[in-house]
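K.L.:
need a 3D model of the following:
(chains A and B)
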There are 2 protein chains.
Amino acid sequence: MSLLVVGSTAFDTIETPHGKSADCLGGSSTYFALAARLFTSVRLVSVVGDDFPAGHRTLLADRGVDLAGVEQRPGKTFRWHGRYAADMNSRQTLDVQLNTFADFAPKVPTAWRNTPFVFLANGAPATQASVLNQMQGVRFCVADTMDLWIEKQREGLLALLPRLDGLVVNDSEVKQLTGKTNLIQAGRAALALGPKLVIVKKGEHGCFLFSNFFQYALPAYPTEHVVDPTGAGDSFAGGFMGWLANCDAVTLWNMKRAVAYGTVTASLTVEGFGVERIAAADRAMVERRFQELQQFVAN
Amino acid sequence: MSLLVVGSTAFDTIETPHGKSADCLGGSSTYFALAARLFTSVRLVSVVGDDFPAGHRTLLADRGVDLAGVEQRPGKTFRWHGRYAADMNSRQTLDVQLNTFADFAPKVPTAWRNTPFVFLANGAPATQASVLNQMQGVRFCVADTMDLWIEKQREGLLALLPRLDGLVVNDSEVKQLTGKTNLIQAGRAALALGPKLVIVKKGEHGCFLFSNFFQYALPAYPTEHVVDPTGAGDSFAGGFMGWLANCDAVTLWNMKRAVAYGTVTASLTVEGFGVERIAAADRAMVERRFQELQQFVAN
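P.N.:
Numbers count the residues shown, from 1 in each chain, chains lettered A, B, ... in the order given. Have a look, this model is predicted:
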């Protein structure tokens, strides 16, 4: 089934201990779409400036990402410049220019308003809610968020959470959201805020899935060659949602596999700068790695 | 089969956000023995001072721990005083008095020198080696170590490693030992130093098992009520070694289960101050939690 993603498109300048890559294609919805397209057709709602090259459009379109929802506006595309610490577990933002993304008011094309699977990439809760308001008959909606919104737009976020099937957050965000220091307590407290599912990303330590009916833990794929962690979280969400949208039903069994496919797509992304590795990936590569992961965690 | 452990016995004063417990029974070999005795008979080699009360001996002996190797010497028992940070992921040592443990020269009773399973709890590599020198026909020997020895007695540690079947370390220690920042690379590099098996403990994030033939990852048991993390690592090692010693053969299948039982015994320890919870545990409690853990990670 079709999958709609709403989020940022950007030019990223990335510095890691393995090198530097300037002005490469990035943004939450880009990473998400390039992971999700490995499993299903993806509809992208985003905004770019008039500096956005045709080559980037082609890269996405050639991989089955429908760009009918990408608005091009006068001005520049969102730019981000970050530098990772030696162990790549933390990063410093050196520069952000929101540009055309500053007043992004996503408009879902009419023909897309009944898309069954929806991912609201990181953005202001009010903006995320405005997307849901445009949709009809959503079957499964998941949103990402970040420390900024948890702190500055808590009310809006709390209003959004009960409308979600799933919330994707990292470990520090779920602790911040709930005020719990124990991650299991935090996951359960986040559930109590309304979403049916809480997915907690722990980077190299894998992830947890919380629902009112089960808890599930999956270690990360044992990647030895992390060169750039940018986009790992969005690629995880893309693999997760892409695989679920490809399934007939959102069952526990399918959700566990979706978490594993998200883990695999994230592991591919971090092995290259920017989107180079995930853009070059194919389904056979994903399936090989999925089997390796299953082997790694088999009891 | 019998299991020999060599390590410290201590009086611990522990401060955590959940309270304070003064002069409680502790030490690496105590936690190890109280976890391992849930699965097999345990032989304890340690040293205490003349202040060590009969009640502590009884607590251990009543649970099937053979104390024939516990030497009582004039002076005081090893004392440690620590305080945990709010999230309990880091701690500060406020006071250490080595006392009789300062010149601990372990003597393995003659009748115990052919014990098939041996655990060398954290200690100077030369002391650990001196134990191995006393043993004959060891079938499976695992050692723990710490940052101090990796930094100060590296040569001795490197000489010990090829004599081990297994090395148990935490994530920061294996990175320090190998100079690798990626944990998978670090685990494999540690294997190259000689042990047949490297077990990396990641606290709340579970553990990795590395051998030349397989890698295995297991998340931690989802404990919500951590009150005191002291002894978690030694309790993990105790569950791991205790269950393996109880098996007929050290197979991959048995090792994976051993890791799960170690995870379970560690999860019990951290739910009480000092040894109170692990000392009160019984096998039925362990089996229940083992099943819950299997459920938590089932793919």
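
K.L.:
may I ask which helix or strand encompasses the closest residue to A:T265 other than its chain neighbours?
P.N.:
Distance criterion CB to CB, 6 or more residues apart in numbering or on different chains; nearest residue to A:T265, sequence neighbours excluded, is A:G239 at 3.2 Å. Just so you know, the C-beta spots here come from the backbone N, C-alpha and C atoms, and that holds for glycine as well. Assessed by DSSP states H and E, A:G239 sits inside helix A:232-245.

K.L.:
go on, A:V118?
P.N.:
strand A:117-120.

K.L.:
which helices and strands does that strand pack with?
P.N.:
Judged by 3 or more CB pairs under 8 Å, 6 or more residues apart in numbering or on different chains; DSSP states H and E, strand A:117-120 is in contact with strand A:3-6, helix A:125-134, strand A:140-144, helix A:232-245.

K.L.:
who's in contact with A:E151?
P.N.:
A:Q176 (CB atoms under 8 Å, 6 or more residues apart in numbering or on different chains).

K.L.:
the helix or strand hosting it: which residues count as buried?
P.N.:
Assigned by DSSP H and E, A:E151 falls within helix A:147-152. With burial defined by 16 or more other CB atoms under 10 Å in any protein chain shown, the residues of helix A:147-152 counted as buried are A:W149, A:I150.

K.L.:
now the element after it, going C-ward?
P.N.:
The element immediately downstream of helix A:147-152 (helix or strand, assigned by DSSP H and E) is helix A:154-160.

K.L.:
so which bits of that following helix are buried?
P.N.:
Neighbour count says helix A:154-160 has A:L157, A:L160 buried, by 16+ other CB under 10 Å.

K.L.:
what's the angle between the helix holding A:G239 and strand A:140-144?
P.N.:
180 degrees (axes from the mean of the first three to the mean of the last three CA atoms, to 10 degrees).

K.L.:
rounded mean pLDDT for the helix or strand following helix A:232-245, please.
P.N.:
Sequence-wise, the next helix or strand downstream of helix A:232-245 (DSSP H and E) is helix A:252-269. For helix A:252-269, mean pLDDT is 97.

K.L.:
what of stretch A:186-198?
P.N.:
Here the average pLDDT along stretch A:186-198 is 98.

K.L.:
centre of the chain to that stretch, how far?
P.N.:
How far stretch A:186-198 lies from its chain's middle: 18 Å, per CA atoms, centre = their mean, to the nearest Å.

K.L.:
and if you look at stretch A:197-205?
P.N.:
12 Å.

K.L.:
which phi and psi values does A:F11 adopt?
P.N.:
phi -100, psi 120 (degrees, to the nearest 10).

K.L.:
cool, A:Q97 as well?
P.N.:
Per degrees, to the nearest 10, the backbone of A:Q97 is at phi -130, psi 110.

K.L.:
tell me which residues touch it, please.
P.N.:
Taking CB under 8 Å, 6+ apart, we find A:Q97 in contact with A:K76, A:F78, A:R79, A:W80.

K.L.:
so how many other residues sit close to the third one?
P.N.:
The reference is to A:R79. Burial measure for A:R79: 19 neighbouring residues, criterion other CB atoms under 10 Å in any protein chain shown.

K.L.:
do the first one as well
P.N.:
The tally of other residues near A:K76 (other CB under 10 Å) stands at 17.

K.L.:
that one and chain B, how far apart?
P.N.:
36 Å (CB to the nearest CB, to the nearest Å).

K.L.:
same check, this time on A:T223
P.N.:
7 Å.

K.L.:
show me the contacts for that residue.
P.N.:
Contacts of A:T223 (CB under 8 Å, 6+ apart): A:E204, A:S267, A:V270, A:E271, B:N182, B:I184.

K.L.:
can I assume the second one is in contact with A:R289?
P.N.:
Yes: applying CB atoms under 8 Å as the test, A:S267 and A:R289 come out as touching, 6.6 Å apart.

K.L.:
look up the closest residue to A:D95, ignoring the ones flanking it.
P.N.:
Nearest non-adjacent residue to A:D95 (CB to CB, 6+ apart): A:H81, at 4.0 Å.

K.L.:
ok, now how distant is the one you found from A:D23?
P.N.:
9 Å (CB to CB, to the nearest Å).

K.L.:
could you look up the SS state of the closest residue to A:H225 other than its chain neighbours?
P.N.:
Closest residue to A:H225 apart from its sequence neighbours, by CB to CB, 6+ apart: A:E271 at 5.5 Å. Three-state call for A:E271 (DSSP: H, G, I helix; E, B strand; the rest coil): coil.

K.L.:
same question, A:Y221
P.N.:
Per three-state DSSP, A:Y221 ends up coil.

K.L.:
any idea how far chain B is from A:C247?
P.N.:
16 Å.

K.L.:
what about that residue, how many residues nearby?
P.N.:
By other CB under 10 Å, the residues close to A:C247 number 17.

K.L.:
that older thread, wait, is the residue nearest to A:D95 part of a helix?
P.N.:
No: A:H81 is assigned strand when assessed by three-state DSSP, not a helix.

K.L.:
A:T93 contacts A:E15, doesn't it?
P.N.:
No: A:T93 is beyond contact range of A:E15, at 11.3 Å (criterion: CB under 8 Å).

K.L.:
for those two, list the residues in contact with both.
P.N.:
By CB under 8 Å, 6+ apart, the residues touching both A:T93 and A:E15 are A:G82.

K.L.:
okay, those two: which has more neighbours?
P.N.:
Higher neighbour count among A:T93 and A:E15: A:E15, with 17 against 9, using other CB under 10 Å.

K.L.:
thanks again, I'm all set now.
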